[in-house]
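> next input, structure requested:
(one chain, ligands or ions: 3)
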Amino acid sequence: MIYIADYFAIGLVIIMFIFFWDTKTKYQNMPVSGKVFGIILMMTALNALVDLLSGWLLTASGVPEWLNITVNSLYFVTNVVTTSAIARYLFVRILEHTHHRHCMRNANIALASILGVYMLIVIVNLWTGILFYFDDQGNYIRGPLNAIGYFFTLLQMVFVLICYFRNKKTANRLMRRVLINIFPVVPVCILIQRMFPEIMMNSILIAFADVVIFMTFMSQRPGVHSLTELNDRYRFFEHVDHMISKQEPFHIFLINLKNFGSVNKKYGHVIGDESLYQFAFSLERKLWEGLSFHMNGTTFAVVLPYVSQNEEERHCGVLLDYIEQGICFGEYHIDVDYLVSHYISDGSEMTATDIYEIMEHSMAKCSSMNLRYIRCDREIRVELERKRYLRDRLSTIDSAHGFEVWYQPIKCLGTGRFCSMEALIRLREPNGTLISPAEFIPIAEQTGQIRSISWFVLDEVCQLLKREPEMAQVSVSINLPMTQLLDKGFIPRFLGVVDHAGVDRRQICIEFTERTILENFSQTQSIMNELNDAGIRFYLDDFGVGYSNFNCLLQLPFQMIKIDASFIRNQDENGRNLSTVRVLTKIFHDMNLTVVAEGAETQDEVDTLSDIGVDRIQGYVFARPMPRKELLSFYGDQKQT
Ligand code: C2E
Ligand code: MG
Ligand code: MG
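Ligands and ions are numbered 1, 2, ... in the order given. Sure thing, here's the model as predicted:
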């Protein structure tokens, strides 16, 4: 009867353990919280077992005193180690969303100190009997500090509370529920202990805490995607990091089911979700040697051990066949479009995050090349290295970090003068070579640094126009991503820079490099109109590639159209592209728009374009983009001729 609480605690632990144990995930691959919970369960069971053992030894005859002392000391230790593990679990949960690493360090120091002091007391007890001792008849006698374990547990809980209140904003939302549940249990148990002092309450008190934690967090099977029940992305990173640290060779497939939105649209979200579940379910079975993960949305990953090239090729075949067949269930057969990126470890990888970045990059490349399968080979890794380098270079945009603005004069065929020019950004390497904007502008667009580039170019252009009075007749166009117009405060800032430099607003033009369909059309339109009324002119760049269209031309206040170089350069034998330029020029003139032909490189091309009737030509044939100094002498020479 005295030990009923221990039996009860062991029963609870066994039930929780059955629910907690996931055969598919190795213990090492669990999130930290899962690992700590596993330790808590084992310690709780051990604690109850040691308690039972100590009781049994007391009643058995002929047991040496040293054995009784050892087992009882062990009981005192397991008690506080178990509550420390619970406190550690709560710390992990409270701090899992905070980036302050020092909080976890402080929590660990606090727990370790408590445990250290307590161990010292247990050792001192061996000589002093302050916790317990055995009298001459072998009876267990409680020492003056017998109940000090409660005090230490309370201290741990106080630390947990302090940690919770200091990190309340980022603490796991479920923590509140845990604290509300665990804290009342403590006084209730102490009360029962007082009423029935012969019953050992410690184990059941701990098991109660385990149940609360289990019901709040662990029953949700953390690390599992709620839709497909596959392991989630956090487990992916942990698993791959584990493989790397153990130097186990592996290969990974990253699978993206493309345009899955259209499946949802066609069949509805219920069928969409069911088909994803089916896909995940069979994926796991087809490649059973590996672990499957649901990364997010419609992206999945499978990590497989690398055995041989044959095996790896077989896996690849199985996977591609499987996806190619589409998702079949019930009366549904859903064809899916997909991208697969394949990574094979070579022992040189640093972290799972690095690998994932390579795979994402190769996937984007796969998509842009209209492929469905891509291997992350050396070339892709080198490309990504370069991308990282450029991203780094783009972190600060100013002249001190190698950014320069070059200018390409544009010839007016009517007057024969270079009446305008385009400002083009350049990035200089420390060794003096230049990186082409075609390489770094797309990256700057991804990182958002493109905005700083625009402001830098505008500043430089205004400085040039302010300092060089002979440029007073020349207008300068700068390239801008269309979305930047929508930035808060764009208009006042833009006009502020121009006015502050004392530059005539009519000298500044904006070219849109946009190649995507316009979003927020009406808002863009009103901002463009406002700027246009303020004197700023707009050009539509690269007409004919991307999505620029007549509708956009009719509704937005453009003054000039730049026909893309590809129309002039890539003539077929029927001269079809030139006819297009001819037709376009006629239409644009009817719409009262000025036409610029981009990319003329030979006199023949110039002659043809003048025959067609374009108004201006921008091309190497007249002038290449050049730095400011060269530009000034270029205009100086023009003046003399
Ligand atoms: P873009 O705006 O269409 O600029 C014209 C590009 O064509 C420039 O390339 C120019 O050097 C090149 N070009 C001009 N004439 C010829 C020719 O006769 N033959 C050939 N082969 N090329 C010619 P660049 O400077 O390399 O710039 C490439 C693109 O990068 C630009 O195309 C523009 O989209 C973007 N870009 C450049 N500077 C900036 C900038 O400051 N901001 C933004 N957002 N984009 C920029
Ligand atoms: Mg341009
Ligand atoms: Mg262009």
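> contacts only, for residue 279.
Going by Cβ atoms under 8 Å, 6 or more residues apart in numbering, residue 279 touches 228, 257, 300, 327, 336. For every residue, glycine as well, the C-beta is placed using N, CA and C.
> quick check: the fourth one vs residue 231, distance?
Counting by Cβ to Cβ, to the nearest Å, the gap from residue 327 to residue 231 is 20 Å.
> please apply the same query to residue 91.
To residue 231, residue 91 is 25 Å away according to Cβ to Cβ.
> and the helices in the stretch 201-350 of the chain?
With DSSP state H, counting those that start in this stretch as the criterion, the stretch 201-350 of the chain has helices at 202-216, 233-245, 260-267, 269-286, 309-324.
> so which of those gets nearest ligand 1?
Closest to ligand 1 of those, according to Cβ to the nearest ligand atom: helix 260-267, at 29.4 Å.
> counting by contacts, list what that closest one packs against.
Judged by 3 or more Cβ pairs under 8 Å, 6 or more residues apart in numbering; DSSP states H and E, the packing partners of helix 260-267 are helix 269-286, strand 332-334.
> what residues of that helix count as buried?
Judged by neighbour count using 16 or more other Cβ atoms under 10 Å, the buried positions of helix 260-267 are 260, 263, 264.
> cool, stretch 51-60 as well?
Of the residues in stretch 51-60, 51, 52, 53, 54, 55, 57 count as buried by neighbour count, 16+ other Cβ under 10 Å.
> that older thread, so which of the helices of the stretch 201-350 of the chain is the most surrounded?
Among the helices of the stretch 201-350 of the chain, helix 202-216 has the highest mean neighbour count (mean count of other Cβ atoms under 10 Å), at a mean of 23.
> can you list contacts of it?
By Cβ under 8 Å, 6+ apart, helix 202-216 touches 5-6, 8-10, 12-13, 16, 19-20, 37, 40-41, 44, 47-48, 51, 79, 82-83, 86, 89-90, 149, 174, 177-178, 181-182, 185-186, 189.
> how about stretch 9-16: buried residues?
9, 10, 12, 13, 16.
> out of those, which are inside helices?
Using DSSP state H, the subset of the buried residues of stretch 9-16 located in helices is 9, 10, 12, 13, 16.
> of those, just say which sits nearest to ligand 1.
residue 16 (58.3 Å).
> what's around residue 637, how many residues?
Applying other Cβ atoms under 10 Å, we find 9 residues neighbouring residue 637.
> about what we covered before: farthest pair within the contacts of residue 279?
Pairwise distances across those peak at 14.6 Å for 228 and 336 (criterion: Cβ to Cβ).
> ok, back up a step: return the subset of the contacts of helix 202-216 lying in strands.
Using DSSP state E, no member of the contacts of helix 202-216 sits in strands.
> now, of these, which are buried?
Neighbour-count burial (16+ other Cβ under 10 Å) is assigned, among the contacts of helix 202-216, to 5-6, 9-10, 12-13, 16, 20, 37, 40-41, 44, 47-48, 51, 79, 82-83, 86, 89-90, 149, 178, 181-182, 186, 189.
> I'd say residue 254 and residue 363 touch.
Yes - under the criterion of Cβ atoms under 8 Å, residue 254 makes contact with residue 363 at 6.3 Å.
> pull up the overlap in contacts between the two.
Residues within reach of residue 254 and of residue 363 at once, by Cβ under 8 Å, 6+ apart, are residue 341.
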